[in-house]
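Trainee: Show me how the following folds:
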Amino acid sequence: MTENSERAEVAQQMSHSTSSPNSQSAASTRHDVEHGASTVEGEKGASGTAAEEKDANLVSWDVDADSRNPLAWSTAKRWTILMIVSTCSLCVTCTSSVVSSTFESLESEFRIGHEVAILGLSLFVLGLGIGPLALAPLSEFYGRRPVYLSSFGLFVLLGLPVSFANNPAVFFIFRFLTGVFGSAFLSVAGGTVADLFLPKDMALPMAAYTMSPFLGPILGPLYAGFATYFSTWRWTFWTINIWSFIMWIALLLFVPETFHPTILTTKAKHLRRSTGNADLCSAHELKLREKSIGGTLRANSTKVIQLLILEPMLALLCLWTALLLGILYLFFEAFPIVFRTHGFNLWQTGLSFLGLAVGLILGAFTMPYWAGRYRRAMAENGGQAPPEARLPMAMVAAILNPISLFWFAFTTYPAVHWSVPIVASIPFGAGILFTYSAVFSYTADVWRPVAASALGANSISRSLFACVFPLFATQMYARLGNAGATALLAGLNVLMVPIPFIFAKYGPQLRAKSRYSY
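Mentor: Reported below is the predicted structural model:
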């Protein structure tokens, strides 16, 4: 589709949404729900006149391609914003794992044990899980840009004490805080993608964004291995500080507000001043009049816990994705143990993560195929595919993950060439991307009315596993051996294999029993 025809389509959609709210397609309604847009429909009948007056004062997009609408921006501008936000996400997640290559230096300088040094990794990841509970609701009130600039600005500033820390307490406290404030790009940025692209065009942009939170942790040890080996652990964090500051400048200069309700609220404020009509308002303003920040934060936290307890389907999906991220972060301890038997030094151990990176990249190249499958499912179901159409990718991942881990497990012996376990990790990298892409989309489809809370439950579960798994990795590999410990992880993944297949076959019946599903 050319850019002009895409803009014409945007204009047509805005015309429909302005003249007849009830005529919105299911796809555009889903798009609105996913990125927080709200609509207000007047009730006709006895109170028709009042409703019409209310609708007349409701600020929406202009019938023509409103230049304020992110969907009407040029392709180059939208992709520039996407790449900056994705790179910020890459920066944050890379920061999470760079510490894994500095453990020996930290132990020596701070005179702490290895288990204590691992807290530098675990506390950061814990912050990534806690932060979204506050930052995601704040973006609903203030928009995405203020949350990005303020939280990432604090991420940059609080990263400085990490680099200059002269005792472990300072180091660990500020690692946790940088995790909290860096988490906006794991909780809010997915909404930015939905702000910028139509649902039918979202597969490639979402794949580009989805890859960054998983590529970052893999690139962290690769970079830090070189930096720490040839310089010092402090220089490793100084370069991260420089990178994050450059990205904050890019956010400031090139990333405007993209959250549609916030833009319409700003438009309503301008119109009230220019016309003198104090009754003009956006649907989002009407929605927020009934909410408070404190109440929203409490409600979101409560809803997350309720969903994990009352929704077995969601709990299983959270367990599966949490296990995978836990294993990924456990590998930051396991890979040095495994490849030490091959005589790898620090920077060579960092290179051993390239297999996972290759798997992620190869998986990303298959996304157009999966997007095509989903479009066909939409066409076969009158434009609204069932949530189960998201699951074929998860089925492939469920098979790939244990196969890759078993392959890795039984090639960790010193007699096996070091390249074999690296190659064995490639399918696991692809499996992680497939699992998360499918589970995130399926979760948003099934629990559409509470999608933000459902994805928040998934985020917290993942972060808890990623926080805890590295803490017992060394002991597990010491007791079970390299092959036995990795085979245990593979066995746990075997238990996860039935999940997507059961949901694909019995999904409609299971969803019918849910109190929160769509």
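Trainee: any chance you could map the strands in the protein?
Mentor: Using DSSP state E, the strands found in the chain span residues 58-59, 281-282.
Trainee: and the last one, which strands flank it?
Mentor: Sheet partners assigned to strand 281-282 using DSSP bridges are listed as strand 58-59 (parallel).
Trainee: And the average pLDDT for the partner strand is what?
Mentor: Strand 58-59 comes out with an average pLDDT of 84.
Trainee: Other residues contacting it?
Mentor: Under the contact criterion C-beta atoms under 8 Å, 6 or more residues apart in numbering, strand 58-59 has outside partners 40, 264, 267-268, 271, 280-283. All C-beta atoms are positioned from the backbone trio N, CA, C, and that covers glycine.
Trainee: now with 6 Å?
Mentor: Applying C-beta atoms under 6 Å, 6 or more residues apart in numbering, the set of residues contacting strand 58-59 from outside is 264, 267-268, 280, 282.
Trainee: Mind giving me the packing neighbours of the top helix by length along the chain?
Mentor: If you go by DSSP state H, the chain has its longest helix at helix 451-496. With contacts taken as 3 or more C-beta pairs under 6 Å, 6 or more residues apart in numbering; DSSP states H and E, helix 451-496 sits against helix 119-130, helix 293-310, helix 312-340, helix 392-409, helix 426-446.
Trainee: In the longest one, which residues are buried?
Mentor: In other words, helix 312-340. 313-339 (16 or more other C-beta atoms under 10 Å).
Trainee: Buried by neighbour count: which residues of stretch 292-311 qualify?
Mentor: Buried positions in stretch 292-311, judged by neighbour count with 16+ other C-beta under 10 Å: 296, 300-301, 303-304, 307-308, 311.
Trainee: Save the residues you listed as CSV, and put in distance to residue 210 and pLDDT too.
Mentor: Compiled in CSV, those are given as follows (distance: C-beta to C-beta, whole Å; pLDDT from 0 to 100):
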residue, distance to residue 210, pLDDT
296, 26, 81
300, 23, 78
301, 25, 81
303, 24, 85
304, 21, 86
307, 22, 91
308, 23, 92
311, 23, 93
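Trainee: which residues does residue 396 contact?
Mentor: By C-beta under 6 Å, 6+ apart, the contact list for residue 396 reads residue 434.
Trainee: Give me the distance between it and residue 296.
Mentor: The spacing between residue 396 and residue 296, counted by C-beta to C-beta, to the nearest Å, is 38 Å.
Trainee: Can you tell me how far the residue nearest to residue 245 when sequence neighbours are not counted is from residue 57?
Mentor: Among residues not flanking residue 245 along the chain, residue 156 sits closest, at 5.2 Å (C-beta to C-beta, 6 or more residues apart in numbering). Distance, residue 156 to residue 57, using C-beta to C-beta: 42 Å.
Trainee: Just want to know which of those two has more residues nearby.
Mentor: More neighbours surround residue 156 than the other of residue 156 and residue 57, with 22 against 15 (other C-beta atoms under 10 Å).
Trainee: Quick one, grab the pLDDT at that one.
Mentor: Value for residue 156, per-residue pLDDT: 98.
Trainee: With residue 460 instead?
Mentor: Confidence score, pLDDT, at residue 460: 89.
Trainee: ends of stretch 196-207, how far apart?
Mentor: End-to-end distance for stretch 196-207: 14 Å, by C-alpha to C-alpha, to the nearest Å.
Trainee: Buried residues, that stretch. List them.
Mentor: 196-203, 205-207.
Trainee: do the same with stretch 461-475
Mentor: 461-471, 473-474.
Trainee: May I ask which two of the residues you listed are separated the most?
Mentor: 461 and 474 (23.5 Å; C-beta to C-beta).
Trainee: quick one, what contacts the closest residue to residue 122 other than its chain neighbours?
Mentor: Spatial nearest neighbour of residue 122, chain neighbours left out: residue 467 (4.5 Å); criterion: C-beta to C-beta, 6+ apart. Neighbouring residues of residue 467 by C-beta under 6 Å, 6+ apart: 122, 125-126.
Trainee: would you turn the residues you listed into CSV with distance to residue 239, neighbour count and pLDDT?
Mentor: Rendered in CSV, the data for the contacts of residue 467 read as follows (distance: C-beta to C-beta, whole Å; neighbours: other C-beta atoms under 10 Å; pLDDT from 0 to 100):
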residue, distance to residue 239, neighbour count, pLDDT
122, 22, 23, 96
125, 21, 28, 96
126, 24, 21, 95
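Trainee: wait, which of the residues you listed is closest to residue 363?
Mentor: The closest of these, once distances to residue 363 are taken by C-beta to C-beta, is residue 125, at 22.3 Å.
Trainee: OK, contacts around the closest one?
Mentor: Here residue 125 is in contact with 96, 463, 466-467 (criterion: C-beta under 6 Å, 6+ apart).
Trainee: need these in a markdown table with pLDDT and distance to residue 353, can you?
Mentor: Shown next, in a markdown table, are those (pLDDT from 0 to 100; distance: C-beta to C-beta, whole Å):
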| residue | pLDDT | distance to residue 353 |
| --- | --- | --- |
| 96 | 96 | 13 |
| 463 | 91 | 20 |
| 466 | 95 | 16 |
| 467 | 95 | 20 |
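Trainee: Need the residues you listed in TSV (columns: distance to residue 150).
Mentor: Listed next are the contacts of residue 125 as TSV, based on distance: C-beta to C-beta, whole Å:
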residue	distance to residue 150
96	20
463	21
466	25
467	25
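Trainee: for the protein, which residue is closest to the average position?
Mentor: residue 186 (4.0 Å; C-alpha atoms, centre = their mean).
Trainee: how near is that residue to residue 298?
Mentor: Distance from residue 186 to residue 298, by C-beta to C-beta: 22 Å.
Trainee: cool, and residue 180?
Mentor: Residue 180 is 18 Å from residue 298, where distance means C-beta to C-beta.
Trainee: one step back: out of the buried residues of stretch 196-207, what pair is the most spread apart?
Mentor: The distance between the two most remote of the buried residues of stretch 196-207 (C-beta to C-beta) is 15.4 Å, for 198 and 207.
Trainee: Distance check, residue 104 against residue 114.
Mentor: With the distance defined as C-beta to C-beta, residue 104 ends up 8 Å from residue 114.
Trainee: phi, psi of residue 143?
Mentor: The phi/psi pair for residue 143 (degrees, to the nearest 10) reads phi 100, psi 170.
Trainee: how deep is the closest residue in space to it that isn't next to it in sequence tucked in, by neighbour count?
Mentor: For residue 143, ignoring the flanking residues on the chain, the nearest one in space by C-beta to C-beta, 6+ apart is residue 262 at 3.5 Å. Residue 262 sits with 22 neighbouring residues when counted by other C-beta under 10 Å.
Trainee: what's near enough to touch residue 179?
Mentor: Going by C-beta under 6 Å, 6+ apart, residue 179 touches 124, 127-128.
Trainee: Return the member of those nearest to residue 224.
Mentor: Closest to residue 224, out of all of the contacts of residue 179 and judged by C-beta to C-beta, is residue 124, at 13.3 Å.
Trainee: Run a quick neighbour tally on the closest one.
Mentor: 30.
Trainee: going forward can the numbers begin at 30, since that is how I track them
Mentor: Noted, 30 is the first residue going forward, which turns the last one into residue 153.
Trainee: Would you mind measuring from it to residue 212?
Mentor: Residue 153 is 10 Å from residue 212, by C-beta to C-beta.
Trainee: Now tell me which helix or strand of this structure has the poorest mean pLDDT.
Mentor: helix 55-63 (a mean of 37; mean pLDDT, DSSP states H and E).
Trainee: what sits against the closest residue in space to residue 442 that isn't next to it in sequence?
Mentor: Leaving aside its sequence neighbours, residue 442 sits nearest to residue 512 (C-beta to C-beta, 6+ apart; 7.0 Å). Residue 512 makes contact with 438-439, 441, according to C-beta under 6 Å, 6+ apart.
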